[in-house]
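>>> Fold the following for me, if possible:
(one chain, ligands or ions: 1)
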Amino acid sequence: MRTVTVEQDDLQGNILAAYGNDFAHALYAFVKIEDPLAGRRWLGDLVGDVRSAERWSPKPHQTLNIAFTADGLQALAVPERVLDTFPEEFREGMGTAERARRLGDTGAGAPEKWETGLRPGHFNVLVTISAQRADVLEQRRKALLAHISTIGSGLALAYEQPASLITDSPHGLIAREHFGFADGLAQPSIGAKGLDPRSKAGPNRRDGQGTPVKRNRWKPVAPGEFVLGYRDENGVLPAAPVDPLGRNGSFMVVRKLEQHVASFTRFLRKAANGDPELEELLAAKIVGRWRDGTPLMQSPRRPPRPRKKDDQESIDHINNFRYASDPIGRTCPLGAHIRRANPRDAFSPWEGLLTKRHRIIRRGMPYGPVPADPAVEDHEKRGLMFVCYQASIARQFEVIQEHWCNDGDAFGLGGEKDFVLSDEDPDGTMSIPGCEPRFLKPRPAFVTLRGGGYLFIPGLAALRALAAGI
Ligand code: HEM
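Here you go, the predicted model:
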């Protein structure tokens with residue numbers, strides 16, 4: 001594959017090159033444009049603040065990025081003939097009844113139960129602010145709200161969600177999600193020149209993060225899998241709207257996923273019969289990694305703690321593993337979260353041929369307080385603002401969510417679903433093969449969807465065109 005140069009000055013930041021763990025705070029501001037002129041005026045004022053993917057020096061105190069649902073583009077009076085050039089799943093949105101059924105967004109997570117402000121039609125723009133410090137975030141938030149009220153009618157804040165990193169590692173390289181697992185580790189390596197080297201998804205040929213190929217090697221993923229206007233893994237340009245929207249844009253999935261930490265902890269304790277070592281083993285079998293991030297495929301037995309090194313090299317190392325040597329899942333269950341979400345070479349003997357077109361770049365952040373005792377129900381709301389980027393929501397996020405997490409067929413698991421992500425089911429099972437096979441059952445809801453949407457995150461030239469009236 002030819003390594004291409006991505007137009008960093010036009011691409012919005014945090015898509016290919018991660019802002020990184022120094023930005024410990026974020027605000028997701030969901031806005032509703034109701035009047036095209038108000039929307040364009042606001043966007044015109046804001047566009048100069050939008051952070052591109054260009055390298056910075058020094059690091060800014062805060063960054064701002066902006067994305068639109070299909071309704072949002074319509075609210076800016078983008079003509080139908082232009083909207084028609086967007087993919088169908090984006091135009092329909094995340095909360096249609098049929099899509100919800102396929103994605104497993106049913107029961108307590110059904111669109112009609114989503115939080116006010118996060119339901120289909122309640123918002124049509126997402127502004128994401130990332131900041132190094134909480135007080136800087138608060139200042140920027142106030143400025144954003146003041147600006148929205150200055151514009152007046154035709155523009156309103158629909159919902160806001162603050163989020164912050166949970167990190168207890170000495171160098172801040174490893175962050176956690178609320179169940180206590182290291183998160184944000186595995187990201188695709190991208191075959192593009194000029195990406196910010198601090199990025200986890202970067203130009204470096206990091207073994208374990210690209211596509212597994214023959215002779216135990218790994219190939220970086222083509223940038224067109226994530227950014228419109230560049231060749232994808234099929235060697236062609238991904239389906240995209242007309243220019244200028246089709247250049248340096250990406251599609252974004254946002255899901256507010258509430259995590260029921262006490263329920264997860266109590267379930268594990270009960271299943272392990274009070275044996276703390278078995279409890280940790282079952283947790284690792286459900287996710288595919290131990291809580292410190294070490295994959296079962298590298299360490300079938302609990303790794304020694306604390307991790308000796310917490311640096312980029314050791315993070316690179318813990319992403320370098322495959323599944324083909326473990327065809328029936330005795331080491332890492334076929335239904336473990338990370339094995340479902342990126343089966344790597346599990347569909348052997350095709351190496352990464354069947355998985356390379358279903359990768360996502362994850363950029364989510366936890367929200368809500370860390371529980372004082374994970375086994376005690378404190379009735380606080382907490383979870384993950386799940387965010388991912390891709391060139392095709394249907395081929396990437398939806399295949400992972402619908403076919404790999406919300407179904408077991410692809411792995412020979414029948415109707416077994418992702419045990420950590422799926423809704424409550426008295427018959428829900430997770431099979432854990434081994435000398436002493438185990439079956440976890442019934443499946444409580446550990447995670448509940450509270451709202452979100454499918455968005456388009458345009459390049460900067462496209463943003464200026466939208467503000468001017470396309
Ligand atoms: C609250 C919900 C979720 C939790 C607690 C969670 C937790 C985790 C953890 C602990 C990891 C391993 C660490 C890492 O590589 O970053 C991981 C990896 C991953 N997750 Fe999730 N996740 C959640 C939702 C999702 C969703 C909705 C998707 C997509 C449909 C997803 C896709 C992935 C992918 C693609 C990986 C990387 C797998 C790899 O490349 O090895 N996750 N997740």
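
>>> now the helices: where do they sit in this structure?
Here the chain has its helices, by DSSP state H, at 36-46, 70-75, 80-83, 88-92, 97-103, 134-151, 261-271, 276-287, 312-317, 337-341, 397-398, 460-468.

>>> So for Phe439, which of the ones you listed sits nearest?
helix 261-271 (9.9 Å; Cβ to Cβ). Glycine gets a C-beta too; all of them are placed from N, C-alpha and C.

>>> tell me what the closest one is packed against?
Contact here means 3 or more Cβ pairs under 8 Å, 6 or more residues apart in numbering; DSSP states H and E; on that basis helix 261-271 packs against helix 276-287.

>>> now the helices of the chain as JSON lines including distance to the ligand, mean neighbour count and mean pLDDT?
Formatted as JSON lines, these follow (distance: least, Cβ to the nearest ligand atom, whole Å; neighbours: other Cβ atoms under 10 Å; pLDDT from 0 to 100):
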{"stretch": "helix 36-46", "distance to the ligand": "29", "mean neighbour count": "18", "mean pLDDT": "97"}
{"stretch": "helix 70-75", "distance to the ligand": "21", "mean neighbour count": "22", "mean pLDDT": "98"}
{"stretch": "helix 80-83", "distance to the ligand": "26", "mean neighbour count": "11", "mean pLDDT": "97"}
{"stretch": "helix 88-92", "distance to the ligand": "14", "mean neighbour count": "16", "mean pLDDT": "97"}
{"stretch": "helix 97-103", "distance to the ligand": "9", "mean neighbour count": "15", "mean pLDDT": "95"}
{"stretch": "helix 134-151", "distance to the ligand": "22", "mean neighbour count": "15", "mean pLDDT": "97"}
{"stretch": "helix 261-271", "distance to the ligand": "9", "mean neighbour count": "18", "mean pLDDT": "98"}
{"stretch": "helix 276-287", "distance to the ligand": "5", "mean neighbour count": "19", "mean pLDDT": "97"}
{"stretch": "helix 312-317", "distance to the ligand": "10", "mean neighbour count": "15", "mean pLDDT": "78"}
{"stretch": "helix 337-341", "distance to the ligand": "3", "mean neighbour count": "22", "mean pLDDT": "98"}
{"stretch": "helix 397-398", "distance to the ligand": "6", "mean neighbour count": "22", "mean pLDDT": "98"}
{"stretch": "helix 460-468", "distance to the ligand": "26", "mean neighbour count": "19", "mean pLDDT": "98"}
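
>>> which residues does Met385 contact?
Neighbouring residues of Met385 by Cβ atoms under 8 Å, 6 or more residues apart in numbering: Ala26, Tyr28, Gln161, Ala163, Val254, Arg255, Lys256, Leu257, Gly364, Met365, Pro366, Tyr367.

>>> I'd like the distance between it and the ligand.
Applying Cβ to the nearest ligand atom, to the nearest Å, the value for Met385 to the ligand is 10 Å.

>>> before we move on, what about Ile470?
Taken as Cβ to the nearest ligand atom, the span from Ile470 to the ligand is 31 Å.

>>> surely that residue meets Val78?
Yes. Counting by Cβ atoms under 8 Å, Ile470 does reach Val78; the two are 5.3 Å apart.

>>> follow-up on the earlier one: take the helices of the chain and write them to CSV, including distance to Asp243.
Listed next are those as CSV, based on distance: least, Cβ to Cβ, whole Å:
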stretch, distance to Asp243
helix 36-46, 18
helix 70-75, 15
helix 80-83, 10
helix 88-92, 17
helix 97-103, 28
helix 134-151, 28
helix 261-271, 46
helix 276-287, 42
helix 312-317, 37
helix 337-341, 33
helix 397-398, 24
helix 460-468, 8
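
>>> Neighbour count for Ile470 and Val78, which is higher?
Comparing Ile470 with Val78 by neighbour count (other Cβ atoms under 10 Å), the higher total belongs to Val78, at 21 against 16.

>>> and that one, what does it touch?
By Cβ under 8 Å, 6+ apart, the contact list for Val78 reads Leu466, Ile470.

>>> Looking at it now. What's its pLDDT?
pLDDT recorded at Val78 is 98.
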